[in-house]
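> could you work out the structure for the sequence below:
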Amino acid sequence: QVQLVESGGGLVQAGGSLRLACEASGRTFGTGTMGWFRQAPGKEREFVARIFGGVGGTVYADSVKGRFTISRDNAKNTVYLQMNSLKPEDTAVYYCAARPRVGGGLYEYDYWGQGTQVTVSS
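Numbering: from 1, shown residues only. The predicted structure follows:
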């Protein structure tokens with residue numbers, strides 16, 4: 001059974017930093033795609049960032065470009081999201097997702113985590 005478990009969320013002041021981690025178990029995703037999404041209260045889930053297997057190319061939403069960095073450690077089957085210069089509008093539940101292939105739509109993932117809350121105070 002595949003599981004994705006996020007950690008690292010919490011409460012931080014605006015301008016601060018947090019590092020989220022998502023550990024996968026049950027299968028490896030070294031050659032696949034792992035991504036981060038978020039959902040704020042009353043809003044739809046939105047794409048944040050993704051990282052591809054192989055050369056590890058990355059894609060970011062415009063709203064986080066230059067502030068967030070996605071990375072992965074294939075040996076640990078873990079993807080990270082380093083979040084700097086956090087803003088109140090970054091407040092949301094953050095979810096990781098994984099699929100065992102590079103290709104696919106922006107929201108087309110086979111596995112999703114349960115989410116971790118990030119709250120940024122002003």
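> element containing the closest residue to Leu106 other than its chain neighbours, please.
Ranked by CB to CB, 6 or more residues apart in numbering and with sequence neighbours excluded, the top spatial neighbour of Leu106 is Phe47, at 5.4 Å. For the C-beta atoms, the positions are set from N, CA and C on the backbone; glycine is no exception. Secondary-structure assignment from DSSP states H and E places Phe47 in strand 46-51.
> what pairs with that strand, parallel or antiparallel?
Strand 46-51 has these partner strands in its sheet, going by DSSP bridges: strand 33-39 (antiparallel), strand 58-60 (antiparallel).
> in the last one, what's buried?
The neighbour-count criterion (16 or more other CB atoms under 10 Å) identifies Tyr60 as the buried residues of strand 58-60.
> quick one: average confidence on it?
Regarding strand 58-60, the rounded mean pLDDT is 96.
> again with the longest one
Mean pLDDT, taken over the full extent of strand 33-39, equals 97.
> hey, which of the strands paired with strand 46-51 is tucked in deepest?
With neighbours taken as mean count of other CB atoms under 10 Å, those reach their highest mean count in strand 33-39, at a mean of 24.
> what is the burial count for Tyr95?
For Tyr95, the tally of surrounding residues (other CB atoms under 10 Å) stands at 22.
> ok, it - contacts?
When contacts are counted by CB atoms under 8 Å, 6 or more residues apart in numbering, Tyr95 touches Glu6, Trp36, Phe37, Arg38, Gln39, Arg45, Trp112, Gly113, Gln114, Gly115.
> got a list of what the spatially most central residue of the chain touches?
When CA atoms, centre = their mean is applied to the chain, the residue found nearest the centroid is Trp36 (2.4 Å). Contacts were defined as CB under 8 Å, 6+ apart; by that measure Trp36 touches Leu20, Cys22, Val48, Ala49, Arg50, Ile70, Val79, Leu81, Tyr94, Tyr95, Cys96, Ala97.
> wait, the third one sits on Ala97?
Right, Val48. No - no contact is recorded between Val48 and Ala97 when judged using CB atoms under 8 Å, the distance being 10.2 Å.
> anything in contact with each of those two?
Between them, Val48 and Ala97 share these contacting residues under CB under 8 Å, 6+ apart: Gly35, Trp36, Phe37.
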